[in-house]
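**Student:** My questions concern the predicted model and sequence given below.
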Amino acid sequence: MNNNTIVLTGGGTAGHVSLNEAIIPELIKKGYKIHYIGSYDGIEKTIIQENFPTLPYHSISNGKLRRYFSVKNFSDPFKVLYGTLQALSILRKVKPSIVFSKGGFVSVPVAIAAKLANIPVVIHESDLTPGLANKIASSFAEHIFTVFEETLNYLPKEKASSIGAIIRPDLFFGNEEVAERLTGFQAEKNTLIIMGGSQGSAKINEVIKDNIEALTSKFQIIHLCGKGNLDATLTGKPNYIAFEYVTDELPHLLKISDYVISRAGSNSIFEFLELKKPMLLIPLSIHASRGDQVLNANFFENKGYALKLEEEHLTTKSFMDTLSDLVKYKEEIIDKQFTADSSKTPDQFTELLLTYKK
């Protein structure tokens, strides 16, 4: 067992990678060697290799875990089995003192392999209800940390605890001048940032396009539209700029943003909450997901931290009407946001994580 080596895993969406991104520098500063186990072609591979090019990345096979019938349900367990054998081989070579999992399908074979190798596994669950991958992996875990206290109702109470959100400190260091250079906008004007998730949202993008004249007459629009979704017909439009996806630029763009329209992934909405940004949440539909974003959005709406517009009710008119309400109730929303519990930093979280290593 190498006490200075830690294995991280998690992938499938940017949300399953962002916490790992945040804690890698903290762990390196503490003298740890980091290895990452992910899929062959998932977004986690792109993010980790682009941001940490010298960090060893190991690819394994993984099968999708479905709650519905599919013929692939018969073949994917064999992919998980093969991935488990691959992960076991990697862990025996690397000999980490702990495995940290952020969830996603690729994390399941890693958690199983770690259990077989007698290496402690710690999981982090961001959503109100655990994802299927984390539900399965929790059986092999030493401990599960959650963001929402309500999530503890779905996990073994003897090995789960709620610690609140973990927020990257760099989010607080956005620079208006950098943002103005990136966008050509003026910080003193009302600015609206629209985020459809790492893959973008065709429906949100369509509503933005349909309302572009009304939107740009009232706001400067920063539109994060998703990879491959740039619309050439909107290029050069006054008061409008689009990016496929941003990373290091995001703190600067949020710095000049007065309002946020976003999906309702837990990591992102807690970041907006910490920054005290009035937000309109359009959660991913239950028809396209397990419904975790709907639950997250409901929680924020009930707390008064945000307004919500479900995708099934998203139209050109409903979008503009709800956006008007967001502007109208801006101060009330910010007042509620100031009542929220404080968050933890990645450094504070790594201290908690390291208490479980061998």
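**Tutor:** Arrived safely, thanks for sending.
**Student:** so where's the stretch 101-250 of the chain shaky on pLDDT?
**Tutor:** 198-200 (pLDDT under 70).
**Student:** could you pull out the strands for it?
**Tutor:** 121-125, 143-146, 160-162, 191-195, 220-224, 240-243 (DSSP state E, counting those that start in this stretch).
**Student:** can you tell me which of the ones you listed comes nearest to residue 267?
**Tutor:** Of all the strands of the stretch 101-250 of the chain, strand 121-125 sits nearest to residue 267, with 10.2 Å by C-beta to C-beta. C-beta: built from backbone N, CA, C; applies to glycine.
**Student:** Report the separation between residue 40 and residue 350.
**Tutor:** Relative to residue 350, residue 40 is positioned 28 Å away (C-beta to C-beta, to the nearest Å).
**Student:** More neighbours: which of these two?
**Tutor:** residue 350 (22 against 10; other C-beta atoms under 10 Å).
**Student:** ok now do the more buried one, which residues does it touch?
**Tutor:** Applying C-beta atoms under 8 Å, 6 or more residues apart in numbering, we find residue 350 in contact with 23, 26, 27, 30.
**Student:** Please pick the buried ones from these.
**Tutor:** 23, 26, 27 (16 or more other C-beta atoms under 10 Å).
**Student:** circling back: export the strands of the stretch 101-250 of the chain to JSON lines and tack on mean neighbour count?
**Tutor:** Shown next, in JSON lines, are these (neighbours: other C-beta atoms under 10 Å):
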{"stretch": "strand 121-125", "mean neighbour count": "26"}
{"stretch": "strand 143-146", "mean neighbour count": "23"}
{"stretch": "strand 160-162", "mean neighbour count": "16"}
{"stretch": "strand 191-195", "mean neighbour count": "24"}
{"stretch": "strand 220-224", "mean neighbour count": "24"}
{"stretch": "strand 240-243", "mean neighbour count": "18"}
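**Student:** Take these and write them to TSV, including distance to residue 88.
**Tutor:** Formatted as TSV, these follow (distance: least, C-beta to C-beta, whole Å):
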stretch	distance to residue 88
strand 121-125	13
strand 143-146	21
strand 160-162	25
strand 191-195	38
strand 220-224	39
strand 240-243	40
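**Student:** For residue 171, find the nearest of those.
**Tutor:** strand 191-195 (13.0 Å).
**Student:** Pull the distance from that closest one to the chain's centre.
**Tutor:** From the chain centre to the centre of strand 191-195 is a distance of 17 Å (C-alpha atoms, centre = their mean, to the nearest Å).
**Student:** and if you look at stretch 216-227?
**Tutor:** Counting by C-alpha atoms, centre = their mean, stretch 216-227 comes out at 21 Å from the chain centroid.
**Student:** Pull the residues that contact it.
**Tutor:** Identification of contacts with stretch 216-227 by C-beta under 8 Å, 6+ apart yields 183, 185-186, 189-201, 205, 208, 212, 215, 231, 237-246, 253, 257, 259.
**Student:** ok, now stretch 24-38?
**Tutor:** With C-beta under 8 Å, 6+ apart, stretch 24-38 has contacts from 2, 4-11, 20, 44-45, 48, 52, 55-60, 87, 90, 94, 96, 106, 110, 346-347, 350, 354.
**Student:** For residue 319, which non-adjacent residue is spatially closest?
**Tutor:** In space, and not counting its chain neighbours, residue 319 is closest to residue 207: 4.9 Å by C-beta to C-beta, 6 or more residues apart in numbering.
**Student:** residues contacting the closest residue to residue 274 other than its chain neighbours?
**Tutor:** Nearest in space to residue 274, with sequence neighbours left out and distances taken as C-beta to C-beta, 6+ apart, is residue 167 at 4.8 Å. When the contact criterion is C-beta under 8 Å, 6+ apart, the partners of residue 167 are 270, 271, 274, 343, 344, 345.
**Student:** right, and the last one touches residue 166 too?
**Tutor:** Yes - here residue 345 reaches residue 166: they are 7.2 Å apart, a contact under C-beta atoms under 8 Å.
**Student:** And this protein, split by domain according to the record?
**Tutor:** Per the record, the chain has its domains at 2-166+343-354, 170-337, by automatic domain parsing.
**Student:** what's residue 337 sitting at in phi/psi?
**Tutor:** Recorded main-chain torsions at residue 337 are phi -60, psi -30, according to degrees, to the nearest 10.
**Student:** Tell me the confidence at it?
**Tutor:** Note on residue 337: pLDDT of 98.
**Student:** Quick one: mean pLDDT over the longest helix along the chain.
**Tutor:** Longest helix in the chain, counting residues (DSSP state H): helix 72-94. Taken as a whole, helix 72-94 has an average pLDDT of 86.
**Student:** Who are the packing partners of that helix?
**Tutor:** Applying 3 or more C-beta pairs under 8 Å, 6 or more residues apart in numbering; DSSP states H and E, we find helix 72-94 packed against strand 2-9, strand 33-39, strand 57-60, helix 107-116.
**Student:** Export these to a markdown table and append columns for mean neighbour count and distance to residue 125.
**Tutor:** Formatted as a markdown table, the helices and strands packed on helix 72-94 follow (neighbours: other C-beta atoms under 10 Å; distance: least, C-beta to C-beta, whole Å):
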| stretch | mean neighbour count | distance to residue 125 |
| --- | --- | --- |
| strand 2-9 | 21 | 14 |
| strand 33-39 | 22 | 18 |
| strand 57-60 | 18 | 21 |
| helix 107-116 | 25 | 11 |
